[in-house]
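Visitor: model this:
(2 chains)
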Amino acid sequence: MKEQLPINDANIQDVDRLIHEPSRLIIMAQLYVVQSADFLFLQNQTQMTPGNLSAHLSKLEDAGYVEVTKEFIERKPHTALALTKKGRAAFKEYRRKVRQFIEKLPE
Amino acid sequence: MVTNEPNLKEIERRAYTSYHQDGLLDIFASMYILGFGLGIFMDIILDFGFGVIIMPSGLVAVALPLWIAAKRKITIPRIGFVKFRTGGTTKLTAIFIGLMVLGLGTFSVFTLATVQGESRMWLDLIFQNGMLIVGFGSLAVCLLFGYSMGLKRLYAYGVLSVIALAIGHFMGIFFAYILIALGITVMVVGVALLISFVKKYPLQGERAIAD
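Guide: Prediction:
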């Protein structure tokens, strides 16, 4: 027989697990508060290794949450990372669900 | 399951302050203060005339391109490049424009009143308490910028300014000396921050060697 989850638990099970992973959650939060940032800035803010950060960014890019723009600034290659509209919406939805779950917990 | 929501305000504040931990803002501000101090010094001691206008303007004209170049050469290669959302910048610009309008408005009112010859007493009062007025004005500016930029050391600068200028007022120390001393203090803090920043964030190549 399938166990019936209380309503709060059922909601929290619906959160976007791609975002919910702590490292990716930090990356999403960092990009959420800025317009765009480069790889080095994210690495410094998140304290992740380049390989780790790169792997998580690839997953977020594949999901369409992060867009990578390559450009030249003063003849030097520069990679800007930013949340897409879909990424921003997904992060807002994630916050809403987590907040709703936490707020309904007893003190 | 981890259900702690990230503190976005704190993340935003940390991202913003990390960009101003290089001490360049302090060095730039100190050059401006020193410019005023040296300008007054030139005008009164050396009887130069326009020092109070030329020195700060000249220093800003030199320091501003240097500051931008230093951000590009020192800060960005070490902590990376970030574009902040426009909200914070708009708030800061609004405060800055508000202060400019307030200053110009006050200046215009007093100029007009002086021309009409009705404010001799007010002008005397302002000149007699000039250092206190500048001190409390500096405190207000530092508090506003410190709050909007999330830089707590600006509060300390504000308090230091008001204390130094109050001491100058009550002990009769020449205004320019106080400004020069304040400028040197802020410059020393800025240079110390810059050295600490460069050590904390070595360039990528240097970091790899250190690791």
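
Visitor: ok, residue A:21 to chain B distance?
Guide: Separation of residue A:21 from chain B (C-beta to the nearest C-beta, to the nearest Å): 9 Å. Backbone N, C-alpha and C define where each C-beta goes, glycine included.

Visitor: what's near enough to touch that residue?
Guide: residue A:56 (C-beta atoms under 8 Å, 6 or more residues apart in numbering or on different chains).

Visitor: Try it again at 10 Å.
Guide: A:27, A:28, A:56, A:59, B:2 (C-beta atoms under 10 Å, 6 or more residues apart in numbering or on different chains).

Visitor: The residue in chain B positioned nearest to chain A: neighbouring residues, count only.
Guide: Chain B approaches chain A most closely through residue B:80 (2.9 Å), counting by C-beta to the nearest C-beta. Applying other C-beta atoms under 10 Å in any protein chain shown, we find 19 residues neighbouring residue B:80.

Visitor: pretty sure it contacts residue A:42?
Guide: Yes. Counting by C-beta atoms under 10 Å, residue B:80 does reach residue A:42; the two are 7.1 Å apart.

Visitor: In a markdown table: the contacts of residue A:21, plus neighbour count, distance to residue A:18 and pLDDT.
Guide: Below are the contacts of residue A:21 laid out as a markdown table (neighbours: other C-beta atoms under 10 Å in any protein chain shown; distance: C-beta to C-beta, whole Å; pLDDT from 0 to 100):
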| residue | neighbour count | distance to residue A:18 | pLDDT |
| --- | --- | --- | --- |
| A:27 | 26 | 11 | 94 |
| A:28 | 26 | 9 | 95 |
| A:56 | 22 | 10 | 95 |
| A:59 | 15 | 7 | 94 |
| B:2 | 9 | 14 | 46 |
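
Visitor: biggest separation within the residues you listed, which pair?
Guide: A:59 and B:2 (17.4 Å; C-beta to C-beta).

Visitor: quick one on the thing from earlier: would you list the contacts of residue A:21 in TSV and tack on distance to residue B:22?
Guide: Putting the contacts of residue A:21 into TSV (distance: C-beta to C-beta, whole Å) gives the following:
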residue	distance to residue B:22
A:27	24
A:28	27
A:56	28
A:59	32
B:2	33
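
Visitor: Of those, which belong to strands?
Guide: Residues of those located in strands (DSSP state E): none.
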